[in-house]
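[1] Fold the stuff below for me.
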Amino acid sequence: MKLTVNGNPLELDHAVSVRELLTVAKAEQPDYVTVQLNGEFVDHAGFDDTVVKDGDTVEFLYFMGGGAR
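    Numbering: from 1, shown residues only. From the prediction side, this is the model:
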């Protein structure tokens with residue numbers, strides 16, 4: 001199974017959930033990451049039930065807070 005994760009190709013032997021992909025792809029701070037699957041945001045509650053399929057594009061997004069000067 002071939003995926004694109006954060007713009008990089010990734011090959012897996014079988015389909016995985018979004019939660020499993022976070023581990024396999026070594027996502028930083030998986031409890032705080034926002035996941036976009038094929039351009040659609042995945043709710044954190046759906047990480048276990050949403051399965052990533054061959055050809056999917058996944059982005060791990062990290063939002064950083066900051067203030068104005």
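[2] which residues of this protein fall in helices?
    Using DSSP state H, the helices assigned to the chain run over residues 18-24.
[3] Could you list the low-confidence segments of it?
    65-69 (pLDDT under 70).
[4] Now do the strands in the protein.
    2-5, 8-11, 16-17, 34-37, 40-42, 51-52, 57-61 (DSSP state E).
[5] Which strands border the third one, and is each parallel or antiparallel?
    Using DSSP bridges, the strands paired with strand 16-17 are strand 51-52 (antiparallel).
[6] try the fifth one
    Sheet neighbours of strand 40-42, with direction, are listed as strand 34-37 (antiparallel) (DSSP bridges).
[7] hmm, who's touching the strand it pairs with?
    For strand 34-37, contacts defined as C-beta atoms under 8 Å, 6 or more residues apart in numbering pick out 18, 22, 41-42, 47, 50, 52, 56-63. Any C-beta I mention is one placed from the backbone N, CA and C, and that applies to glycine too.
[8] Out of these, which comes closest to residue 29?
    residue 62 (7.0 Å; C-beta to C-beta).
[9] Perfect, that will be all.
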